[in-house]
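Peer 1: Output the structure for:
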Amino acid sequence: MGKQFRISSGSRKVLIVFGLISLLLMSTLLHWSLRTNDAEIHPELVYDRNTVVDDGTHNSNTDLIQWNGTFWMVYATSPFHMGSSESELIIQKSADAHEWEIVHSLNLGVKDVRDPKFAIINDTLFLYALENEGLVANPYRTVYSTSVNGIEWAEFSSIPDTEGWLFWRPFMNESGDLFVPAYWHEHGKSALFKSTNGTHWQQVSIIHEEGGVDETACEFRGDNSMICTVRVEGKADTIIGRNSGGTSIAVAQEPYIHWNHTRDDITRLDGPNLFNVGNETFAIGRYQPEQDSMLFQMGGVLSKKRTSIYLVEETGLTYISDLPSAGDTSYAGVVFENGTVYTCYYTSDTDSDYPWIIGMLASSNIELVELNATSLLDASKSPLSSEKSWPVGEYVILIVNIVFDVIIVKRFWSIQLLSNEEE
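Peer 2: Model prediction:
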């Protein structure tokens, strides 16, 4: 006689739950991989797009500058979005913004390096970056390197008397006054600093103070006043995001001590870059086209993301258009020259429409878009709708997946698993 061995009721329940979760994950990943990109490009925008880097790695955090008649681009490369000891910054140059040549790379040894920013100071090309340690992207100080020719670069050095401040993009007015916004590494405030040489900086004022304050970008306006966008995460971020996140618009007159603030909830402007075209100030940064109060809140990793263009005014942001983008994306560099806005940014595969979390782990490309400035001004007068769509399709797919998976589990695992053992 053979003995019959039964899977216990408790073990069978564990197997059923595990199988249900596995099927749900696999079917969701399949849906995400087959989802087509629905980025909205304003019909009046006139642009050319060129993929500069497509090497199968995770490329991110770009910047762009024109110096001595040459375009210079920098981007971070790493196995994934998170912190990595393998990260490094790649510097390229181009005479026409079409053909690019790698000229140098910089790293911090076993530490993670991210968020590079160029600046031209006293005929020297500066490169600022943020130092990070560990898997979580939580930088704790700013470092810098310099070059007199763009080819040979000094080793990274720390900036005196600024420990804990994380520099964003330096900017200069027509008089040559040099400023940089920075946010505190514990994310509670952002400040404005001023320098004459790029290596020694003095704090001018606190721009914004609030829980979750992050990346801050600024630009001068025609009357020499200053306008800034401040990424505000509110409470600590979660996987599904938080709808308390948004953007603060800060404006100050010279000497930039007292700031007026307006809160805008159209987006949490991650990776901001502000620039002027004519009398208007624009921003390029991240956008989340779908949002609700459940699984797809502001800044959530399950959501779609875009690199998008905004009009920046004292009263808030106006969403104008997406650029071709998907997944993990944004952190643009900008050069405005001879009626063309040159902007580089990184993005996941734009043939698909991965959520942010998949983009963080997948390869990403560096794109360069040449945007006709007149068409941008025209588009800003009739911007696309910024009304967020409720992700109905995602919930329909989720419900269908759950129902389908439950049917499969009941069909194949409701039968008791038996095995015989010969005596």
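Peer 1: Now do the phi/psi pair for the nearest residue to F193 once chain neighbours are set aside.
Peer 2: Residue nearest to F193 in three dimensions, not counting chain neighbours: W201, with 4.2 Å by C-beta to C-beta, 6 or more residues apart in numbering. Just so you know, the C-beta spots here come from the backbone N, C-alpha and C atoms, and that holds for glycine as well. Torsion angles at W201 (phi, psi; degrees, to the nearest 10) stand at phi -130, psi 140.
Peer 1: Confirm for me that W201 is in contact with S195.
Peer 2: Yes - contact criterion C-beta atoms under 8 Å: W201 and S195 qualify, at 4.5 Å.
Peer 1: residue contacts, G245?
Peer 2: G212, V232, E233, G234, D237, R268, Q297, M298, G299 (C-beta atoms under 8 Å, 6 or more residues apart in numbering).
Peer 1: Hmm, which of the residues you listed is lowest in pLDDT?
Peer 2: Here the lowest pLDDT out of the contacts of G245 sits on D237, with 73.
Peer 1: So which bits of stretch 61-74 are buried?
Peer 2: Neighbour counts over stretch 61-74 (16 or more other C-beta atoms under 10 Å) mark N61, T62, D63, L64, I65, W67, F71, W72, M73, V74 as buried.
Peer 1: Tell me the helix or strand right after whichever strand or helix holds the first one.
Peer 2: Take DSSP states H and E as the rule and N61 turns out to sit in strand 58-67. Following strand 58-67 in sequence order, the next helix or strand is strand 70-78 (DSSP H and E).
Peer 1: which non-adjacent residue is nearest V74?
Peer 2: Nearest non-adjacent residue to V74, counting by C-beta to C-beta, 6+ apart: P116, 4.5 Å away.
Peer 1: is it fair to say the one you found lies in a helix?
Peer 2: No - with DSSP: H, G, I helix; E, B strand; the rest coil as the criterion, P116 is assigned strand and is not in a helix.
Peer 1: Report pLDDT for it.
Peer 2: Reading off the model, P116 has pLDDT 98.
Peer 1: shouldn't it be in contact with L127?
Peer 2: Yes - applying C-beta under 8 Å, one finds P116 in contact with L127, separated by 5.8 Å.
Peer 1: what's the overlap in contacts for the two?
Peer 2: Taking C-beta under 8 Å, 6+ apart as the contact rule, P116 and L127 both touch V74, L89.
Peer 1: pLDDT below threshold where in the stretch 101-250 of the chain?
Peer 2: Applying pLDDT under 70 to the stretch 101-250 of the chain picks out residues 236.
Peer 1: Now do the helices in this structure.
Peer 2: 9-34, 356-361, 373-381, 392-413 (DSSP state H).
Peer 1: List the buried residues of the third one.
Peer 2: Burial within helix 373-381, assessed by neighbour count using 16+ other C-beta under 10 Å, is assigned to A373, S375, L376, L377, A379, S380.
Peer 1: Same question for the shortest one.
Peer 2: Within helix 356-361, the residues that count as buried by 16+ other C-beta under 10 Å are W356, I357, I358, G359, M360.
Peer 1: of the residues you listed, closest to V341?
Peer 2: G359 (24.5 Å; C-beta to C-beta).
Peer 1: okay, now I239: neighbour count?
Peer 2: Other residues near I239 come to 10 when the count uses other C-beta atoms under 10 Å.
Peer 1: Go ahead and confirm it touches V301.
Peer 2: Yes - the pair I239 / V301 is scored as a contact, 5.6 Å apart, by C-beta under 8 Å.
Peer 1: Report the set of residues contacting both of those two.
Peer 2: Residues within reach of I239 and of V301 at once, by C-beta under 8 Å, 6+ apart, are I357.
Peer 1: ok, now which ones touch G212?
Peer 2: H187, G188, V232, E233, G234, K235, A236, D237, S244, G245.
Peer 1: let's see it at 10 Å
Peer 2: Neighbouring residues of G212 by C-beta atoms under 10 Å, 6 or more residues apart in numbering: 187-188, 231-237, 242, 244-246, 268, 299.
Peer 1: From D112, how far out is the nearest residue to L398 once chain neighbours are set aside?
Peer 2: Closest residue to L398 apart from its sequence neighbours, by C-beta to C-beta, 6+ apart: T28 at 7.3 Å. Separation of T28 from D112 (C-beta to C-beta, to the nearest Å) stands at 30 Å.
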